[in-house]
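Trainee: model the structure of this input:
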Amino acid sequence: MYTELAVTTLATTALVYSFPQYLTTDRFSRSVVRFLLVDFAVFLVWRVLIWPFFFNPLRHLPGPTSYNFLAGNTSAQFSKPPGEEFRKWTASIPNDGLLRFRSIGNVDRLVPTTPETLKSVMSDNSYDYEKPSGVRKFLVMILGNGLIISEDSLHKFQRKHLLPAFQLKNIRGLYPVFWEKSRGLVGAIEADITERMGEAKASVCIARETTRIPANFGDRELGMVVAP
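Mentor: Numbers count the residues shown, from 1 in each chain. Presented below is the predicted three-dimensional model:
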């Protein structure tokens, strides 16, 4: 990004040199404001209209061809049920494990579509793929800088000290809880299918059950999976 800013600033300087009668005034402060406005406009044109379509090395990856020129396919990230648009793209667009779609400002987003690609991102090379800094800073305020949010050496430290809790002998002790909650979840989905005449919002039931399980270890029964 800093390189792009430097290049657009040089381009703006060339414009000022070529057309001083339009971009400079007798007052220095006004000339500076004009320069900054033109520099910002040149940067936006480069970043939104030129780079994504002509220079971005990811531009040849397969992806949806229908999108808003400025907003891209941003709406797909908020589709209902969650992930429905991505599921349709994966099923309908030929790909080798990666799909590309454009977000606001024609910023590229990548979607892994095969188990092998997901394994590479989530397991084999997980430390090469950091969470977006803006999202991480926001979630830290809610969840704290724990295992889900932390990166690099801090994540390795936390993972090392939490690993004993996930040893096989400890997991086996939780089998009865897993079995009980799984049966409850299946029952809730079946009831939802009956109530909706053949359809069920499985994601809603799973989210509620995920909330119930930690509460159960504190001797609390929330009953959220069967709540309307």
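Trainee: so what pLDDT did Ser126 get?
Mentor: pLDDT, Ser126: 84.
Trainee: could you chop this protein up by domain?
Mentor: 2-55, 58-124, 168-226 (automatic domain parsing).
Trainee: any chance of these in TSV, with distance to Ile142 and mean neighbour count too?
Mentor: Yep, even glycine has a C-beta here, placed from its N, CA and C like the rest. Formatted as TSV, those follow (distance: least, CB to CB, whole Å; neighbours: other CB atoms under 10 Å):
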stretch	distance to Ile142	mean neighbour count
domain 2-55	30	13
domain 58-124	19	14
domain 168-226	15	13
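Trainee: right, so of those, which gets closest to Leu143?
Mentor: Smallest distance to Leu143 across those (CB to CB): 13.2 Å, for domain 168-226.
Trainee: returning to what we had before: can I get the domains of the chain in JSON lines including distance to Asp152?
Mentor: Converted to JSON lines, the domains of the chain look like this (distance: least, CB to CB, whole Å):
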{"stretch": "domain 2-55", "distance to Asp152": "22"}
{"stretch": "domain 58-124", "distance to Asp152": "16"}
{"stretch": "domain 168-226", "distance to Asp152": "27"}
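Trainee: for this protein, just list every one of the strands.
Mentor: Under the criterion DSSP state E, the chain carries strands at the ranges 98-102, 108-112.
Trainee: which neighbouring elements make contact with the first one?
Mentor: Other helices and strands packing on strand 98-102, by 3 or more CB pairs under 8 Å, 6 or more residues apart in numbering; DSSP states H and E, are helix 84-92, strand 108-112.
Trainee: try it again at 7 Å.
Mentor: In terms of contacts (3 or more CB pairs under 7 Å, 6 or more residues apart in numbering; DSSP states H and E), strand 98-102 is packed against strand 108-112.
Trainee: restrict the strand it packs on to CA atoms and write it as CSV.
Mentor: C-alpha atoms of strand 108-112 as CSV (Å, rounded to 0.1, in the frame of the first residue of the first chain):
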residue,chain,number,x,y,z
ASP,A,108,-10.3,-9.4,-3.7
ARG,A,109,-11.5,-12.1,-1.2
LEU,A,110,-10.5,-15.8,-1.6
VAL,A,111,-12.8,-18.7,-0.7
PRO,A,112,-11.2,-22.2,-0.2
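Trainee: from the chain's centre, how far out does that strand sit?
Mentor: 9 Å (CA atoms, centre = their mean, to the nearest Å).
Trainee: quick check: angle from that strand to helix 84-92?
Mentor: Here strand 108-112 points in a direction 70 degrees away from that of helix 84-92 (axes from the mean of the first three to the mean of the last three CA atoms, to 10 degrees).
Trainee: Ile149 - how many residues pack around it?
Mentor: 19 (other CB atoms under 10 Å).
Trainee: how much space between it and Lys88?
Mentor: From Ile149 across to Lys88, the span is 30 Å (CB to CB, to the nearest Å).
Trainee: nearest to Met141, of the domains of the chain?
Mentor: With CB to CB as the criterion, Met141 lies closest to domain 168-226 of these, at 20.0 Å.
Trainee: return the distance of the longest helix seen in the chain from the chain's centre.
Mentor: Longest helix of the chain, by residue count under DSSP state H: helix 175-195. Relative to its chain's centre, helix 175-195 lies at 30 Å (CA atoms, centre = their mean).
Trainee: same check on stretch 173-183?
Mentor: Between the centre of stretch 173-183 and the centre of its chain there are 31 Å (CA atoms, centre = their mean).
Trainee: quick one: mean pLDDT over that stretch.
Mentor: Mean pLDDT, stretch 173-183: 82.
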